[in-house]
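Participant: Generate a structure from the sequence data that follows.
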Amino acid sequence: MIIDCHCHFDRMQNPQSFLYENELRGNYIIGMTNTPRHFQIGFPYVMSCRFIRLALGFHPQAIEEIYSQLSLFKELISNTSYIGEVGLDFNKYFINSKSIQLESFDYICACLSGQKKIISIHSRMAEREVIDILEKYNISTPIFHWYTGPLGLIPRIIELGGYFSINEAMTLSENGRKIISHIPLNRLLTESDAPYNKKNNIISALNNLNIDSKVIYSNFKTLMNTIR
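Facilitator: Now for the predicted structure:
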């Protein structure tokens, strides 16, 4: 049994086979979507799943193409307890859309304020801005997916009630391992970020860090209790 808190199975070659195989294995998986329309298309396929859920997403890298779907995002929130992938991305390829990203993420968090949701966060080169908005709307227990930001911001995320989902690629890099070493064990979760991430073996990630899978399962159960 594995726990994958950030996986894009809707972008895989055969999503239905993926769902069938992982249901049989009892793997807990939260599937991300990049747009509200992708969520609409995929949601019927997971409604009967016991272990697999689909999250409602609004990916910052696609913000200019999907901005018109903000109202649809709001309409669909009540359909799921899982939100992702959402956030901000200010690296050089997406910095030109900074203002619309900020507007959209602020709107999303305003919609989510006061609701019990599990939220997977994208925060590349925009960690402070993401945290500021989460704090503004009192968004608790966010999951920071593949965190690469400053070590000094980790305590702020912990204070929010935040978690960090880590993957095999992180455990194979010096910077990734350094970041992981500064995260409390009880705030670690696992992810694959498949199919985008090729180093996505969750069992290998735990072995690389010498972490028992029972620790991740305990953290996951604690997080799930916040939406019940």
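
Participant: Every contact and neighbour count from this point should use C-alpha atoms.
Facilitator: Fine.

Participant: which ones are touching L76?
Facilitator: P36, L56 (C-alpha atoms under 8 Å, 6 or more residues apart in numbering).

Participant: Buried ones in the helix or strand hosting it, by neighbour count?
Facilitator: Assigned by DSSP states H and E, L76 belongs to helix 70-76. Within helix 70-76, the residues that qualify as buried are L70, F73, counting by 16 or more other C-alpha atoms under 10 Å.

Participant: Which residues are in contact with G161?
Facilitator: Residues near G161 by C-alpha under 8 Å, 6+ apart: S140, T141, P142.

Participant: actually N138, not the one I wrote
Facilitator: Taking C-alpha under 8 Å, 6+ apart as the contact definition, N138 lies against S113, G114, L160.

Participant: Also I139?
Facilitator: Shown in contact with I139 (C-alpha under 8 Å, 6+ apart): C109, L112, S113, G114, L160.

Participant: Among those residues, which ones are in helices?
Facilitator: Using DSSP state H, the members of those that fall in helices are C109, L112, L160.

Participant: looking at it, D89 is touching S123, isn't it?
Facilitator: Yes - in this structure, D89 is within contact of S123 by C-alpha atoms under 8 Å, at 5.8 Å.

Participant: so S120 bridges to which residues?
Facilitator: For S120, the beta-bridge partners are I143 (DSSP bridges).

Participant: picking up where we left off before, list buried residues within the contacts of N138.
Facilitator: Judged by 16+ other C-alpha under 10 Å, buried ones among the contacts of N138: S113, L160.

Participant: Nearest to H6, out of the contacts of N138: which one, please.
Facilitator: Lowest distance from H6 to the contacts of N138 (C-alpha to C-alpha) belongs to L160, with 19.7 Å.

Participant: nearest residue to that closest one other than its sequence neighbours?
Facilitator: What sits nearest to L160 in space, not counting adjacent residues and going by C-alpha to C-alpha, 6 or more residues apart in numbering, is S140, at 5.5 Å.

Participant: I'd guessed the one you found sits against E159; true?
Facilitator: No - applying C-alpha under 8 Å as the test, S140 and E159 come out as separate, 9.1 Å apart.
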